[in-house]
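>>> Sharing a model prediction with you, sequence too.
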Amino acid sequence: MTKAQILFYGAGWCADCKRSQTLLDQNRISYDYIDIDTVQGAADEVSRLNDGFKSIPTIVFPDGSKLVEPSNQELSEKLRLMHRA
């Protein structure tokens, strides 16, 4: 993992995770994917980040901010992506 990398906590069964990943991938946004079902300690980290809740996707940005279960609009705004109707 590089220092200024987006951390994406999710799971293969999570439809919202797949939607957010698709948006990141389509816009060629680099991120480190951490599967909470297979990476030891990842579920505990998500719980810590979310005050005891294991809400995914949880996306942590290099500036320390995070989005939890974001809509595509929220994620696009955070990443300052321009989309045309």
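Arrived safely, thanks for sending. What you are looking at is a predicted structure, and each value in this text was computed from that prediction instead of being measured. Numbers count the residues shown, from 1 in each chain.
>>> Mind checking the pLDDT average for the host helix or strand of L23?
According to DSSP states H and E, L23 maps onto helix 15-26. Confidence over helix 15-26, taken as the mean pLDDT, stands at 97.
>>> same question, stretch 45-55
The predicted model gives stretch 45-55 an average pLDDT of 96.
>>> Show me what the next helix or strand after the helix holding L23 is packed up against.
Toward the C-terminal end, the helix or strand that comes next after helix 15-26 (DSSP H and E) is strand 31-35. In terms of contacts (3 or more C-beta pairs under 8 Å, 6 or more residues apart in numbering; DSSP states H and E), strand 31-35 is packed against strand 6-10, helix 42-49. Where C-beta positions appear, they are placed from N, C-alpha and C, glycine not excepted.
>>> got the contact list for V60?
Taking C-beta atoms under 8 Å, 6 or more residues apart in numbering as the contact definition, V60 lies against 6-7, 9, 49, 66.
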